[in-house]
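Output the structure for:
(one chain, ligands or ions: 1)
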Amino acid sequence: TAPSTAERAPASAALLARARAVTPGGVNSPVRAFRSVGGTPRFMASGRGPTLTDVDGREYVDLVGSWGPMILGHAHPEVIAAVHDAAARGTSFGTPSENEVLLAEEIVERVAPVERVRLVSSGTEATMSAIRLARGFTGRPLVVKFAGHYHGHVDSLLVAAGSGVATLALPDSAGVPAEMAAETVVLPYNDVAALEAVFAARGEQVACVITEAAAGNMGVVPPDPGFTEALRRVTAEHGALLVSDEVMTGFRCSRAGWWGHEDLDVAPDLLTFGKVMGGGFPAAAFGGRADVMALLAPDGPVYQAGTLSGNPVATAAGLTTLRLCDDAVYSRLDEVSSTIREAASEALTKAGVPHRVQTASSMFSVFFRDGTVRDYDDARAQDTEAFARFFHAMLDAGVYLPPSAYECWFVSAAHDDAAVERVLAALPGAAAAAAG
Ligand code: PMP
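As a prediction, the model looks like this:
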């Protein structure tokens with residue numbers, strides 16, 4: 001029997017049955033389906049601060065945060081007020097509007113390597129557009145990516161991808177032509193020798209290297225010290241662009257994202273953003289060097305567009321969220337993150353469960369294995385069954401974790417001491433469940 005039964009969530013189970021009749025798998029994004037952990041996915045009815053409430057009326061402390069965007073918690077009053085105000089003035093114009101300028105200025109001000117930025121509606125669009133631009137700028141075909149990194153469901157980036165592709169243990173995706181996959185070179189993460197070897201052999205053909213600024217889609221795997229510098233050095237030597245995907249890390253790992261957190265004196269050519277900058281609405285962006293961005297239509301020949309790009313409600317939510325993300329927010333994220341991850345590790349240690357907690361600033365995840373995780377092979381060598389038992393024990397205790405061993409746990413500035421206490425109280429029982 002599934003560890004979490006329909007009896008525990010009858011309203012969710014009923015909605016899932018209806019959803020499955022009209023939507024593949026009953027969900028609009030695969031990881032939501034609980035496939036790797038089993039049981040009934042919870043249909044959420046509302047969110048407030050650090051909690052979500054499902055359609056059966058059960059409340060959970062939320063450690064998913066909509067997979068990253070909800071950095072201020074759910075239904076933050078100032079964000080909601082900005083959304084109301086914007087919506088009352090019209091929900092889409094299909095023309096330029098002031099908030100788009102303000103949001104772009106906020107991004108450019110926070111992230112120094114971004115000289116120009118264009119707004120899109122999802123992280124997938126951001127990475128897809130950045131890659132097209134890199135190919136247009138260099139006139140070269142190949143894209144280098146790292147195994148276990150996820151950059152959205154862009155055809156050429158679904159090779160050896162993390163996130164849901166990892167959760168479902170798919171090697172890649174059907175529907176991507178072999179010729180297209182052949183233009184993507186997949187390397188192990190944190191392996192400078194493999195990078196140098198590929199560039200020595202095919203460097204003249206590489207348009208760009210795309211990397212998660214710090215990987216969060218195979219669990220959290222930060223770049224080794226010096227790895228980002230090596231990416232910069234090798235790409236520059238061969239005239240290829242470096243694209244840093246900050247969709248998950250952007251405006252979360254610091255006010256300037258992972259780039260600001262790692263504090264390097266080397267800059268990527270292009271960066272992609274999403275999640276936090278949309279404040280819970282569909283808003284994302286890509287940006288970087290002015291000379292590269294100048295190739296975009298209407299100024300240049302690389303086409304890119306969107307009916308809802310720069311949407312007035314989404315930009316109001318994103319702008320308000322970013323303006324509220326001050327030093328106090330980032331220090332609260334750090335505090336909540338370290339309290340929870342230390343308690344998780346302590347509980348698992350006491351229960352004798354092999355595990356490894358890894359962090360990238362306040363992002364963290366728990367691998368159910370011993371030893372450092374530096375790449376996708378390491379990440380896959382974990383006990384996903386133990387994770388499933390742990391997940392369901394946490395869920396039953398009122399804590400909503402990502403329903404996959406390959407996803408990051410996200411905290412928010414709305415996680416107050418009471419919410420943190422509820423997580424800490426749930427951990428020993430879940431660790432015992434994981435021990436089996
Ligand atoms: N890049 C990264 C690093 C991501 O984490 C994600 C989403 N999890 C994406 C791109 C794709 O973003 P979206 O789901 O908005 O298309």
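
Please tell me how far the residue nearest the centre of the chain sits from residue 421.
Computing the C-alpha centroid of the chain and ranking residues by C-alpha atoms, centre = their mean puts residue 248 first, at 3.4 Å. For residue 248, the distance to residue 421 (C-beta to C-beta, to the nearest Å) stands at 27 Å. Yep, even glycine has a C-beta here, placed from its N, CA and C like the rest.

ok, now how distant is the closest residue to the residue nearest to the centre of the chain other than its chain neighbours from residue 405?
Beyond its immediate neighbours in the sequence, the residue positioned closest to residue 248 (C-beta to C-beta, 6 or more residues apart in numbering) is residue 216, lying 4.6 Å away. Using C-beta to C-beta, we find residue 216 at a distance of 13 Å from residue 405.

Report the secondary structure state of the residue nearest to the centre of the chain.
Applying DSSP: H, G, I helix; E, B strand; the rest coil to residue 248 yields a three-state assignment of coil.

For the closest residue to the ligand within the chain, grab the count of nearby residues.
Nearest to the ligand in the chain, going by C-beta to the nearest ligand atom, is residue 123, at a distance of 2.1 Å. By the measure other C-beta atoms under 10 Å, the count of residues near residue 123 is 29.

Tell me how far it lies from residue 284.
When C-beta to C-beta is the yardstick, residue 123 and residue 284 sit 5 Å from each other.

what is in contact with these two at once?
Counting by C-beta atoms under 8 Å, 6 or more residues apart in numbering, the shared contacts of residue 123 and residue 284 are 247, 272, 273, 274, 275.

how about the residues of the stretch 201-350 of the chain that lie near the ligand?
When proximity is defined as C-beta under 6 Å from any ligand atom, the stretch 201-350 of the chain approaches the ligand at 212, 217, 245, 247, 248, 274, 284.

Neighbours of the second one, how many?
Here the number of neighbours of residue 217 (other C-beta under 10 Å) works out to 28.

All the strands of the protein, in order from the start?
Across the chain, reading from the start of the chain, the strands by DSSP state E fall at 44-48, 51-54, 59-62, 116-120, 142-146, 184-187, 206-212, 241-245, 270-273, 284-288, 356-360, 363-367, 399-400.

between those strands, which gets nearest to residue 348?
Nearest to residue 348, of all the strands of the chain, is strand 363-367, at 7.3 Å by C-beta to C-beta.

how distant is that closest one from the center of its chain?
Using C-alpha atoms, centre = their mean, to the nearest Å, we find the averaged C-alpha position of strand 363-367 to lie 13 Å away from the chain's own average C-alpha position.

Show me how the protein divides into domains.
6-71+327-435, 77-324 (automatic domain parsing).

pLDDT below threshold where in the stretch 1-150 of the chain?
Counting by pLDDT under 70, the ranges of the stretch 1-150 of the chain that qualify are 1-6.

Could you rerun that using 50?
Within the stretch 1-150 of the chain, the ranges that satisfy pLDDT under 50 run 1-4.

tell me which parts of it are close to the ligand?
Looking at the ligand, the residues of the stretch 1-150 of the chain close enough under C-beta under 6 Å from any ligand atom are 67, 122, 123, 124, 127, 150.

Distance of the residue nearest to residue 412 when sequence neighbours are not counted relative to residue 214?
Taking C-beta to C-beta, 6+ apart, and ignoring the residues beside it in sequence, residue 412 has residue 73 as its nearest neighbour in space, at 4.4 Å. According to C-beta to C-beta, residue 73 stands 23 Å off from residue 214.

Also residue 76?
When C-beta to C-beta is applied, the distance between residue 76 and residue 214 equals 25 Å.

Pull the contacting residues for the residue nearest to residue 412.
Contact partners of residue 73, counting by C-beta under 8 Å, 6+ apart, are 47, 48, 49, 50, 65, 412, 413, 414, 415.

Report the contact partners of the second one.
Contacts here follow C-beta under 8 Å, 6+ apart; on that basis residue 48 touches 73, 74, 75.

Using CSV, lay out those together with distance to residue 208.
Formatted as CSV, the contacts of residue 48 follow (distance: C-beta to C-beta, whole Å):
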residue, distance to residue 208
73, 36
74, 36
75, 38
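
What distance do you get for residue 206 to residue 334?
Residue 206 sits 36 Å away from residue 334 when distances are taken as C-beta to C-beta.

of the two, who's got more company?
Here residue 206 and residue 334 are set side by side on neighbour count (other C-beta under 10 Å), and the busier one is residue 206, at 23 against 15.

quick one on the thing from earlier: just send the shared contacts of residue 123 and residue 284 back as JSON lines, with neighbour count, distance to residue 196 and pLDDT too.
Shown next, in JSON lines, are these (neighbours: other C-beta atoms under 10 Å; distance: C-beta to C-beta, whole Å; pLDDT from 0 to 100):
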{"residue": "247", "neighbour count": "30", "distance to residue 196": "27", "pLDDT": "98"}
{"residue": "272", "neighbour count": "31", "distance to residue 196": "25", "pLDDT": "98"}
{"residue": "273", "neighbour count": "29", "distance to residue 196": "29", "pLDDT": "98"}
{"residue": "274", "neighbour count": "30", "distance to residue 196": "31", "pLDDT": "98"}
{"residue": "275", "neighbour count": "27", "distance to residue 196": "32", "pLDDT": "98"}
